[in-house]
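1. Next input, structure requested:
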Amino acid sequence: MGIYNALYIGASGLSSFGEAVRVVGDNISNVNSLGFKSQNVNFSDVLSQTVGVSRSNIANQVGNGVRIGAITRNQAQGSLQNTTSATDMAINGNGLFAMRDPATNQLSYTRAGAFILDKNFNLIDAQGNIVQGFAVDQVTNKATGNVGDVTFANLAAQAQPTSAVTAAVTLDSNATVLATGTTFDPNNPSTYHYKTEVNVFDSLGQTHATSLQFTKVGQDTAGNIVWDWHASVDGGELTGGTPGTATPVGGGAAAASTITPAVSAVADTTSGAFTAGASGDITAASVTTFQASAVGATYSFATTAAGAVTVTSSVPGVSGTGTFAANGNQNITLSDGTIVAVTYGATNAGGASGTMAASTGGTPASAAVVTTVGPQSLVFGPSGELVQENSPPLTIPWAGATPSTISMDFGNAAGQGTLYPVLTADGGQGITGTGLEATVQMAGSFATRQMTRDGFASGFLDKLETDSSGKIFGVFTNGQRRGLYQVALANFPNAAVLNHIGNNLLQESIASGTPVLGLPGAGGMGTISPFALEQSNVDLAAEFVKLIIIQRGYEANSKTILTTDQMLSSLMQVKR
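-> Alright, predicted model coming up:
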């Protein structure tokens, strides 16, 4: 009986090592299969048979051969190979791509990330299974909703109208203030100092050239320089506009600052008779009142026997005094800084009659002042910094499109004193800075250093890009780039025992447990390497060594059968 068992034991060895050769052969044949995981054969002995019990109650057991105890999968990461396809992905770490069979809705899983687009712009593998992922919300730019097909059908970037413009302009501080009363006209370059342009988009994605004009107005009461700014577009692009005629938008011509004109020195004169004493001193004179019409104050002068002349203004507390000899003149400076020139003369000294006259010659009573800063204006401090920005949004009634509301930003104003408090220095928005970040006033030529605006025209999907989080971005023909999908990764409690179904695909088994679908880089999931594919983790050197060992084991088991056969042959020769 034992000899026959030896035959079966040898046969079990041949069977087991034969299967082991199949496993090694499968590993070697898949050395270039994407994402393939090599397998190892673990042998185990067959239940032994007791052939007797010794006096010490020790069972004498003989083995019944060998069998394959388990075929395990090596889950080690395969090396990554770079590619040039934007839809190729490799997983760094744990996880499997989830794929849906459109014919059966059955989910399968793979490490092979060689994906392509089908005719319906679905992201698929070579067998037509659709990659699963999460849609990306366009507002939060985060994955949202449930897992579904990754598809890029009917994607387009809708036009977005311009809603904000930021201008960094250098205005020439040496520009001469235009004549008082000059009215802004976008069609007349003599009514402004500098013009620059920015292209903005309407709700249909149409581009419109919008001009920004800057006019130096003058100084405000704090000594800061005030510039008015205006915006204009071709009237043919506006509802009810005239083609070919630049038309103000926003505040337009009504956005001008209010200026009080400068007061000039006016030689309003008057004279009165006087009598000179023997020594030449003034002995008498009539009191005469005169008015400088541009100043708005009246002045009177009087003389005394001692030759003193007193000039008094109608403004309370303003006066001045001078002393004269015969045939003299004197400029008398009043207490408010006004200069009054007093002259007199005599035909001869000692009792002769003469005349005395006064005028408001000298320094003007006041200079031109911006008393009201316009609603579209920029105010600059002594260092050229922006200290106040008045930039109400522009409302532009486009012809054939939805009216646009565009906010203008010329920089973060620094604020100055109580006239322009810091918290309201920048258009009342409470944004403060150095005043030198964007638009400034400096000596030199006008320049537009930078002009930025949001909004864009419509566009179509041009190409795809993927980042390490598995987020797939669409790049559109209008230059926009936005997240579309984020691929889903599946993680199993025991991924090593998934069922192989061919084509680099795996399916859930009872032993593998239920998969958890999540985002790459979160919850223990691996990350994504775009433009890469994971290679097989088969080690050819190790497989050849295993093949040699299995071959020798197979040969040894065949020797067991041969030896047993020879023993049976000898047994048969006992009886002839």
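2. Show me this structure divided up by domain.
-> Residue ranges for the domains of the chain, per automatic domain parsing: 2-76+538-572, 80-135+459-534, 164-257+373-453, 270-359.
3. Checking my notes, Asp565 in a helix, right?
-> Yes: counting by DSSP: H, G, I helix; E, B strand; the rest coil, Asp565 falls inside a helix.
4. which one is it nearest to, not counting chain neighbours?
-> Distance criterion C-beta to C-beta, 6 or more residues apart in numbering; nearest residue to Asp565, sequence neighbours excluded, is Leu7 at 7.6 Å. Every residue, glycine included, has its C-beta placed from N, CA and C.
5. After the helix or strand in which the one you found is found, which helix or strand is next? Please name it.
-> Following DSSP states H and E, the helix or strand that holds Leu7 is helix 2-29. Using DSSP H and E, the helix or strand that follows helix 2-29 in sequence is strand 39-45.
6. Given that next one, what are its sheet partners and their directions?
-> When pairing is defined by DSSP bridges, strand 39-45 lines up against strand 66-73 (antiparallel).
7. Can you read off the pLDDT for Gly277?
-> As predicted, Gly277 sits at a pLDDT of 54.
8. one step back: including distance to Asn146 and mean neighbour count, could the domains of the chain go into a markdown table?
-> Shown next, in a markdown table, are the domains of the chain (distance: least, C-beta to C-beta, whole Å; neighbours: other C-beta atoms under 10 Å):
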| stretch | distance to Asn146 | mean neighbour count |
| --- | --- | --- |
| domain 2-76+538-572 | 26 | 15 |
| domain 80-135+459-534 | 8 | 18 |
| domain 164-257+373-453 | 33 | 18 |
| domain 270-359 | 80 | 16 |
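9. how about CSV for these, with distance to Leu155 added?
-> CSV is the format used below for the domains of the chain (distance: least, C-beta to C-beta, whole Å):
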stretch, distance to Leu155
domain 2-76+538-572, 28
domain 80-135+459-534, 5
domain 164-257+373-453, 16
domain 270-359, 71
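10. between the ones you listed, which gets nearest to Phe152?
-> Proximity to Phe152 (C-beta to C-beta) singles out domain 80-135+459-534 among the domains of the chain, at 4.3 Å.
11. Worst mean pLDDT among the domains of the chain?
-> In terms of average pLDDT, domain 270-359 trails the rest of the domains of the chain, at a mean of 60.
12. Enumerate every residue touching Ala143.
-> Neighbouring residues of Ala143 by C-beta atoms under 8 Å, 6 or more residues apart in numbering: Gly133, Phe134, Ala135, Val136, Asp137, Lys471, Gln486, Leu519.
13. Distance-wise, check the fifth one relative to Gly483.
-> Computed with C-beta to C-beta, to the nearest Å, the distance linking Asp137 and Gly483 is 8 Å.
14. Not counting its neighbours along the chain, what's nearest the spatially most central residue of the chain?
-> Closest residue to the average C-alpha location of the chain: Asp454 at 10.2 Å, with C-alpha atoms, centre = their mean. Closest residue in space to Asp454, ignoring its immediate chain neighbours: Ala164 at 5.3 Å, by C-beta to C-beta, 6+ apart.
15. and the gap between that neighbour and Val249?
-> Where Val249 is concerned, Ala164 sits at a distance of 15 Å (C-beta to C-beta).
16. before we move on, back to that, among the contacts of Ala143, which are located in strands?
-> For the contacts of Ala143, the ones inside strands are Gly133, Phe134, Ala135, Val136, Lys471, Gln486, with DSSP state E as the criterion.
17. Determine which two of those are furthest apart.
-> Ala135 and Lys471 (11.1 Å).
18. how about stretch 101-120 as PDB, C-alpha atoms only?
-> Output of stretch 101-120 as PDB, limited to C-alpha atoms (Å, rounded to 0.1, in the frame of the first residue of the first chain):
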ATOM      1  CA  ASP A 101     -18.800  48.900 -18.300                       C
ATOM      2  CA  PRO A 102     -21.400  50.800 -20.300                       C
ATOM      3  CA  ALA A 103     -23.000  47.500 -21.500                       C
ATOM      4  CA  THR A 104     -23.600  46.000 -18.100                       C
ATOM      5  CA  ASN A 105     -23.000  48.900 -15.700                       C
ATOM      6  CA  GLN A 106     -20.600  46.500 -13.900                       C
ATOM      7  CA  LEU A 107     -17.800  48.200 -12.000                       C
ATOM      8  CA  SER A 108     -14.200  47.000 -12.400                       C
ATOM      9  CA  TYR A 109     -10.900  48.300 -11.200                       C
ATOM     10  CA  THR A 110      -7.400  48.700 -12.600                       C
ATOM     11  CA  ARG A 111      -4.000  50.200 -12.000                       C
ATOM     12  CA  ALA A 112      -3.500  50.700 -15.800                       C
ATOM     13  CA  GLY A 113      -4.100  54.300 -16.500                       C
ATOM     14  CA  ALA A 114      -3.800  54.400 -20.300                       C
ATOM     15  CA  PHE A 115      -7.000  56.300 -21.000                       C
ATOM     16  CA  ILE A 116      -8.300  57.800 -24.200                       C
ATOM     17  CA  LEU A 117     -11.300  59.800 -25.400                       C
ATOM     18  CA  ASP A 118     -14.100  58.000 -27.400                       C
ATOM     19  CA  LYS A 119     -16.300  59.600 -30.000                       C
ATOM     20  CA  ASN A 120     -18.600  60.900 -27.300                       C
END
